[in-house]
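Engineer: this one's sequence-less:
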């Protein structure tokens, strides 16, 4: 699929829209409508531009934000998960461990002791 300059601008708008509030759970039609692009072009174009589907991209950003909060705040997991769009601690722990190889509490301790 070839993307026009307008398509690319719409897809970038979609990306900024979903990143503006990591706590929201958007539907693809809602994102497409906001960005002014059809659903199929959004899904295919997003993957072409960002090498990831929309939901995977969003989950990666949520996990990155969670990791940042673990490393840079003393917030508990219970405080962090609603800030990044997770509803259940167990879901976050499972996704975090899959992405970073360690559960969040172990990651935090490892980062803490690496600084000292």
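Structural biologist: Looks like it arrived, so ask away. Everything quoted here is computed from the prediction, not taken from an experiment.

Engineer: switch to C-alpha atoms for all contacts and neighbour counts from now on
Structural biologist: Will do.

Engineer: which residues does residue 8 contact?
Structural biologist: By Cα atoms under 8 Å, 6 or more residues apart in numbering, the contact set of residue 8 is residue 45.

Engineer: now it: which helix or strand?
Structural biologist: Per DSSP states H and E: residue 8 is located in helix 5-19.

Engineer: list the buried residues for that helix?
Structural biologist: Judged by neighbour count (16 or more other Cα atoms under 10 Å), helix 5-19 contains these buried residues: 7-8, 10-15, 18.

Engineer: got it, and stretch 43-63?
Structural biologist: For stretch 43-63, by 16+ other Cα under 10 Å, it's 43-47, 52-54, 57-63.

Engineer: can you list contacts of it?
Structural biologist: By Cα under 8 Å, 6+ apart, stretch 43-63 touches 1, 3, 7-8, 11, 18-19, 22, 84-85, 92, 95-96, 99.

Engineer: same question, stretch 95-111
Structural biologist: 63, 67, 70-71, 93-94.

Engineer: what pLDDT, on average, does that stretch get?
Structural biologist: Averaged across stretch 95-111, the pLDDT comes to 91.

Engineer: and the helices in this structure?
Structural biologist: Applying DSSP state H to the chain gives helices spanning 5-19, 28-35, 39-50, 54-72, 77-83, 89-100, 104-115.

Engineer: give me the angle between the fourth one and helix 28-35.
Structural biologist: To tie it back to what came earlier, the one meant is helix 54-72. Helix 54-72 runs at 80 degrees relative to helix 28-35, counting by axes from the mean of the first three to the mean of the last three Cα atoms, to 10 degrees.
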